[in-house]
Every structure is written in structure tokens, then in C-alpha cells.
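Trainee: here's a sequence, model it:
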Amino acid sequence: MNSKPRIIIVGAGIGGLTAAASLLKRGFAVKVYEQATVLAEVGAGIQSSANAVKVLYDLGLEDALDTIVVRPQAFEFRRFNTGEMMYRIPLGETHERINGAPYFHIHRADLHELLAKAVLAMDPDCIVLGARAMGFEEGADSVTLHLADGQRATADVLVGADGIKSAIRAQILGATPASYTGDIAWRAVIPTERLPRGIMETVSTVWCGPKKHAVMYYLRGGTLMNFVGLVEHAYPENESWTQKRPWTDLKADFEGWHPAIQTVIDAIDRDGCYRYALNDRAPADHWSTGRATLLGDAAHPTLPYLASGAAMAIEDGAVLARCLQAHASIPDALGVYQDSRLERTARVVRESAGNRGLYRVEDEQEMRRRFQEMNMSKSRSEWLYSYDPLTVPLTNR
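Mentor: Now for the predicted structure:
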């Protein structure tokens, strides 16, 4: 019989599936409960740096990923109207040489599908759909998940990976205030066959301007262009990725911006524009109990200004699996996991929020000076990209 703890994971998103695959690979019995009735993912592009790619490769996804990802050569920060280069962070071979794995762009749905296949290949019965979590009950020797249909599921460990509106988060942390950043986010994906050939090199371009910025990069081998527009807006709206808004509003938000941005916006499906509010939450100082813990956005919701939210969830899944393997005591394992992740994820949360202001500096010379002063290329490699979730020393208790 398997003497390892039985694990329940709530949420079959990127973080939950990474944790499930990492745990199954180490011989744990895992059951994932997902409220959706179909195993699918919404959204658009993900930027995945070396720190996350190391985990995905460790799960055996390297060959499959290589057929669908885009490997950008650089981050480019350009002025919103002239297109002038303000700063450049090399990626490509430079990123891989320094940090030990590549940097790539991938469609969220593609990564989700690969992770789901990896989980189901190890355990075809691992994922339960149509199962909405309402809360949990924790005992000395077990933890029981309460589902909306009245059913119960009992195991040794419970992991809440069900996002910012997590029922597990609410029970562990209570009400946590969210403050509107002042930004709404537009997202759209455009087939590149609609765009002029060579409209942008194989890079991730951040267009920086007053009161807003935009990000563009390729997906699916260059067949899609991912567009994200972040705009100061007086009134917050729903924090949902699936809200459609009029294309004319998107067009108006970027009036007067560079012709490349106008060309991309003009090629977007008129019924394919999504807009949602961006809310900020202070980093939590804990997210574990004796037998329950959180990961990903349920633990440390992160703004998109550092392009690292998904990477943090992937890291969480790998580190959690290592901790549960290394410690016989579940409270000790969850405590070490929490302590090993708190400082790093809090820094990502804070620096993500801080980048918003950098991308909005109105004076060109001041923006250039700020970029050079921060030396983001060196800084990010030193602390963000070089991290290895598979080997980083775990915090001792």
C-alpha cells in the first residue's frame, strides 16, 4: 500500500495541474476537484521564463512544448508614439545560457492541455469535474473537502489552487481586502495572417506611454499575436477574464499610438475583445494550516506587470511536491513549503505592482534614465529567472 499522504487539490488550472503532476511523479495519490464541467482553459498568452520552464521540462513536456512555443529574442520597451527603443533585455540564447533553460511564449490553453494530459497519463481518474469547493473541515489525522453538491472528500492534505476567488483561501485567510489599481486590462489574440509580414520581430514588446501601456508578442509558432492593453480607467469592473467589451472602446483607448498598435487593433475580431479590472492585494504573511495550504493566485495573487504570475504557480507546485516528499510530518512539510515561498512570491507581487509606474513615465528622458538605473536585465537574471524550483534549498524549521 502507498504510505505517502493522500492529496486533494482544488482547482485544475496551471498551478493545480503542475502540483498534481509533480506529486504523481513522486508516487503520491492525488485527486483534483475542478468546478468546471469541461477541462479547458480560457485566456491568452503566458510568458514562461527559465525558472518555470525547468519544472515543465522535469515533467517530461520538453518535446511537446518545443512544437508550439515561441522563443523571443528580447524584451523591448518602446515609446508609445514614436516606437523609439527605451530599453532592451536580451532573451533567446542569452537567457538560456545564464539561467539554465529557455524563455518562451505559450498559449495558456496549450500549456493547460499539456499539463492535463501529463496528469491523466499518470492517473486517468485523477481529475473530477463539476465539483465546486465550498470549504473544508480539518481534523488531527485528516482533512475533508466540502463540495457544493453535498459530497465530501477526505485525504491527508488539501491544496487550494482555485484562484483569487478561492473558497479555500477565504477559509484560511479570511476576508482579504483588494484595492483597484486604477487599471483595466484589454486582451485579444489575432491570427498573424491578418497582419503585415514582419510587423514585429520575435520579441516581447512593451509599448510605454502616459496613463497606459500595451504588450505584444507571438504565440503558437508565430501564427498568433497576443495583445494586452493596460489602461487607467476611473471605474473598476468585474475581475473576470471572460467579459467582452466593444472594440470601439479599445480603439479609442489607444488613439494616437504607434501605427503598429493601430494595425494590430484593427485586425482584432470585433467580437473578440475582453476587458477586466486589475485589483491589487497585499502579500499574505501565511497561507497554511496543519493540513491545508494554498498555491498560485489563491496564495499570492499577482498583477501582470512582471509577467510572472503563472511562473510562480508552476514553481509552487514543484516546491510543494518536494516538501511533501522530504518531510514525514504534514504540518512540517506545509510549513516548510510556506516559508520557502513567502519571501520570493511577495517580492514578485511588490515588483509587479511597482513596474506599473515605470511603464507610464511621461517624460522620455526620465523613462530612459529610470530603466538604466534599475538595470532590469541584470536584476531579473540574478533573482527571478535563475531560481530553480527543483534544487533551491528548502527553508529549515
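
Trainee: show residues contacting the strand or helix carrying Trp207.
Mentor: Per DSSP states H and E, Trp207 falls inside strand 204-209. Strand 204-209 is touched from outside by 47, 72, 74-81, 86, 91, 105, 213-217, 257-258, 261, 307, 359-361, 367, with contacts defined as Cβ atoms under 8 Å, 6 or more residues apart in numbering. All C-beta atoms are positioned from the backbone trio N, CA, C, and that covers glycine.

Trainee: how about the lengthiest helix in the chain: buried residues?
Mentor: For the chain, the longest helix by residue count, based on DSSP state H, is helix 330-358. Neighbour counts over helix 330-358 (16 or more other Cβ atoms under 10 Å) mark 330, 333-342, 344-346, 348-349, 351-353, 355-356, 358 as buried.

Trainee: helices along the protein, start to end?
Mentor: So, for the chain - with DSSP H - the helices run 14-25, 50-58, 62-66, 92-99, 108-122, 167-173, 247-253, 259-266, 309-326, 330-358, 364-374, 376-380.

Trainee: elements contacting the first one?
Mentor: Contact analysis of helix 14-25 by 3 or more Cβ pairs under 8 Å, 6 or more residues apart in numbering; DSSP states H and E lists strand 6-10, strand 29-33, helix 50-58, helix 108-122, helix 309-326 as its packing neighbours.

Trainee: for that helix, C-alpha coordinates in PDB please.
Mentor: The C-alpha trace of helix 14-25 is given here as PDB (Å, rounded to 0.1, in the frame of the first residue of the first chain):
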ATOM      1  CA  ILE A  14      -2.000  25.700 -14.400                       C
ATOM      2  CA  GLY A  15      -0.800  25.700 -10.800                       C
ATOM      3  CA  GLY A  16      -3.100  22.900  -9.700                       C
ATOM      4  CA  LEU A  17      -2.200  20.600 -12.600                       C
ATOM      5  CA  THR A  18       1.600  21.300 -12.100                       C
ATOM      6  CA  ALA A  19       1.300  20.400  -8.500                       C
ATOM      7  CA  ALA A  20      -0.700  17.200  -9.400                       C
ATOM      8  CA  ALA A  21       1.800  16.100 -12.000                       C
ATOM      9  CA  SER A  22       4.800  16.800  -9.700                       C
ATOM     10  CA  LEU A  23       3.100  14.800  -6.800                       C
ATOM     11  CA  LEU A  24       2.100  11.900  -9.100                       C
ATOM     12  CA  LYS A  25       5.600  11.700 -10.400                       C
END
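
Trainee: and the contacts of that helix?
Mentor: With Cβ under 8 Å, 6+ apart, helix 14-25 has contacts from 7, 9-10, 12, 30, 32, 34, 41, 46, 55-56, 58-59, 108, 111-112, 115-116, 118-119, 122-123, 126-127, 159, 161-162, 295-297, 310, 313-314, 316-318, 320-321, 324.

Trainee: what does the last one give?
Mentor: Contacts of helix 376-380 from elsewhere in the structure, counted by Cβ under 8 Å, 6+ apart, are Tyr87, Arg88, Ile89, Pro90.

Trainee: and for the fourth one?
Mentor: When contacts are defined by Cβ under 8 Å, 6+ apart, helix 92-99 is touched by residues Ser49, Ala50, Asn51, Arg71, Pro72, Gln73, Ala74, Pro102, Tyr103, Ser381, Tyr385, Ser386.

Trainee: which of the residues you listed tops the neighbour count?
Mentor: For the contacts of helix 92-99, the largest number of neighbours (other Cβ atoms under 10 Å) sits with Tyr103, at 29 neighbours.

Trainee: parallel or antiparallel, list what pairs with the top strand by length along the chain.
Mentor: In the chain, taking DSSP state E as the definition, the longest strand is strand 179-191. According to DSSP bridges, strand 179-191 forms sheet pairs with strand 224-232 (antiparallel), strand 274-280 (antiparallel).

Trainee: buried deepest among these, which one?
Mentor: Highest mean neighbour count among those (mean count of other Cβ atoms under 10 Å): strand 224-232, with a mean of 22.
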